[in-house]
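Colleague: I'll drop the sequence and a predicted model, then ask my questions.
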Amino acid sequence: ECFICGIKLGLWLPGENPRVRHQRESPICPFLCNEALNPKPEQREEPKEN
């Protein structure tokens with residue numbers, strides 16, 4: 001259960017990505033929307049040097 005939007009997801013398929021499934025089932029979840037605007041540091045692209 002998402003602690004922000006409250007969606008409960010069941011009937012998982014093997015190898016299913018929780019983040020992708022959450023976004024598909026609850027596309028306006030504030031948790032996912034905020035994460036898209038403020039990615040985790042390891043998801044940010046590093047500036048490329050010339």
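Modeller: In hand now; what should we look at?

Colleague: excluding residues flanking it in the chain, which one is nearest residue 12?
Modeller: Excluding the flanking residues, the one nearest residue 12 by CB to CB, 6 or more residues apart in numbering is residue 21, at 7.7 Å. Where you see a C-beta, it was placed from the backbone N, CA and C, and this is true even at glycine.

Colleague: the one you found: neighbour count?
Modeller: The local packing of residue 21 (other CB atoms under 10 Å) involves 14 other residues.

Colleague: pretty sure it is touching residue 9, no?
Modeller: Yes. When contacts are counted by CB atoms under 8 Å, residue 21 is listed as touching residue 9 (5.8 Å).

Colleague: point out where the chain drops to low pLDDT.
Modeller: Along the chain, the parts satisfying pLDDT under 70 run over 35-50.

Colleague: what segments of it are helices?
Modeller: All helices of the chain, identified by DSSP state H, fall at 18-25, 30-37.

Colleague: now the ones you listed in CSV, with distance to residue 2?
Modeller: Below are these laid out as CSV (distance: least, CB to CB, whole Å):
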stretch, distance to residue 2
helix 18-25, 7
helix 30-37, 6
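
Colleague: which one of the ones you listed lies closest to residue 5?
Modeller: Closest approach to residue 5 among the helices of the chain is made by helix 30-37 (6.8 Å; CB to CB).

Colleague: returning to that earlier point: and the helices of the chain: which comes nearest residue 3?
Modeller: The nearest among those, by CB to CB, is helix 30-37 at 7.6 Å.

Colleague: closest one to residue 4 among the helices of the chain?
Modeller: The closest of those to residue 4 is helix 30-37. By CB to CB, the value is 4.0 Å.

Colleague: and residue 31, what does it touch?
Modeller: Neighbour list for residue 31: 2, 3, 4, 5 [criterion: CB atoms under 8 Å, 6 or more residues apart in numbering].

Colleague: can you tell me which of those is nearest residue 27?
Modeller: Among the contacts of residue 31, and counting by CB to CB, the member closest to residue 27 is residue 5, at 10.0 Å.

Colleague: the residue nearest to the closest one when sequence neighbours are not counted and residue 1, how far apart?
Modeller: Setting aside the residues directly before and after it, residue 5 is nearest to residue 29 in space (CB to CB, 6+ apart), at 4.1 Å. Distance from residue 29 to residue 1, counting by CB to CB, to the nearest Å: 12 Å.
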